[in-house]
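Visitor: sequence and computational prediction follow.
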Amino acid sequence: MAVSIGECFAQLKAHQQKALIPFLTVGDPDLATTEAALLALDQAGADLIELGIPYSDPLADGPVIQAASTRALKQGTTLADVLSLVERLTPKLKAPLILFSYYNPILSLGVERFLDKIAQAGAKGLVVPDLPLEESDLLVHAAQARGIDVIQLVAPTSPTERIEKIVKQARGFVYLVSVIGVTGVRREVSIALQPLINRLQALTDLPVCVGFGISSPEQAQQVVDWGADGVIVGSAFVRKLAEATPDERMAETTQFCTALRKAINSVD
């Protein structure tokens, strides 16, 4: 059964390993594929797994994940489906599950009720990309009381004063956004990330994980070589599930996960 996010990173640190965190959109292309992919990723070396709750207006997401949300919603995927999947699979997975949700669905259900439901389902973390830091106190503390870490995002443009406030509010790990803009596959990662990773690590004892735009083993290896404690890979996994034939989806997903796992732990 999955451990907490903190326990997961403690285990990785003890073995001098970095975290691999794939992202999937629940219900894309269908719930059965999401379930199979979760089990495959867990077996292939994913340390934590981020699950996107489909949403009609995903402002932080690029075209690949936006299209995935659209496909999932057309399939009729609901929050209840997401929670059912998490509850069913959590006992079978080693990797803690982190839910990615925009704030409107949380507000619509009610913060406390939403948190009760995801905690009961077995989620260990929550990312809310459109919730301003200044309005996050209620959610962060209510989630912590239920054993859920609210993961805070840091943008590459954030000034030091704001970063200091963000990391004080952060739980689990700090999610460093590698690019200005939305999620998506990029040809290369910016060398400007290295000093930002170092700045963050000087300000917090929490792990620093980099996401948005990492789409190859080479990019993942570069990021951990710069000192990151983990990498988050979303659009590249989502694209593989969308573009591969049904017979090839799990093999391609597993092979890509294995290649990323090998790359990030080959760093001295």
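Guide: Happy to help now that I have it.
Visitor: residue 97 and residue 26, how far apart?
Guide: 10 Å (C-beta to C-beta, to the nearest Å). To be clear about C-beta, it is placed using only N, CA and C from the backbone, and glycine gets the same treatment.
Visitor: between those two, tell me which one has more neighbours.
Guide: Comparing residue 97 with residue 26 by other C-beta atoms under 10 Å, the one with more neighbours is residue 26, at 26 against 23.
Visitor: tell me the SS of the closest residue in space to that one that isn't next to it in sequence?
Guide: Nearest residue to residue 26 in three dimensions, chain neighbours excluded: residue 82, at 4.7 Å (C-beta to C-beta, 6 or more residues apart in numbering). Following DSSP: H, G, I helix; E, B strand; the rest coil, the label given to residue 82 is helix.
Visitor: surely residue 82 is in contact with residue 51?
Guide: Yes - applying C-beta atoms under 8 Å, one finds residue 82 in contact with residue 51, separated by 6.8 Å.
Visitor: which neighbours do the two have in common?
Guide: 26, 99 (C-beta atoms under 8 Å, 6 or more residues apart in numbering).
Visitor: looking at these two, which is more packed in?
Guide: Neighbour count, other C-beta under 10 Å: between residue 82 and residue 51, residue 82 has more, with 27 against 22.
Visitor: which residues does that one contact?
Guide: 26, 27, 51, 53, 99.
Visitor: pull the most distant pair out of those residues.
Guide: 27 and 99 (13.4 Å; C-beta to C-beta).
Visitor: which element is residue 67 on?
Guide: helix 63-74 (DSSP states H and E).
Visitor: to clarify, my last question referred to residue 33.
Guide: Here residue 33 is assigned to helix 31-43, by DSSP H and E.
Visitor: and what of residue 222?
Guide: Per DSSP H and E: helix 217-225 holds residue 222.
Visitor: swap in residue 105?
Guide: If you go by DSSP H and E, residue 105 is part of helix 103-109.
Visitor: again with residue 197
Guide: Using DSSP H and E, residue 197 sits in helix 193-203.
Visitor: for the following helix or strand past that helix, which strands pair with it and how are they oriented?
Guide: With elements assigned by DSSP H and E, the helix or strand that comes after helix 193-203 is strand 208-211. Sheet pairing of strand 208-211 (DSSP bridges) gives strand 174-177 (parallel), strand 230-233 (parallel).
Visitor: out of the ones you listed, indicate the one that is most buried.
Guide: Ranked by average neighbour count under the criterion mean count of other C-beta atoms under 10 Å, the strands paired with strand 208-211 are headed by strand 230-233 at a mean of 28.
Visitor: okay, it in CSV with CA atoms only?
Guide: The C-alpha trace of strand 230-233 is given here as CSV (Å, rounded to 0.1, in the frame of the first residue of the first chain):
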residue,chain,number,x,y,z
GLY,A,230,12.6,14.7,-8.8
VAL,A,231,11.0,15.2,-12.2
ILE,A,232,7.3,15.4,-13.2
VAL,A,233,6.5,14.2,-16.7
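Visitor: contacts for it next, please.
Guide: By C-beta under 8 Å, 6+ apart, strand 230-233 touches 9, 12, 18-23, 47-48, 50, 173, 175, 207-212, 214-215, 220, 223-224, 260, 264.
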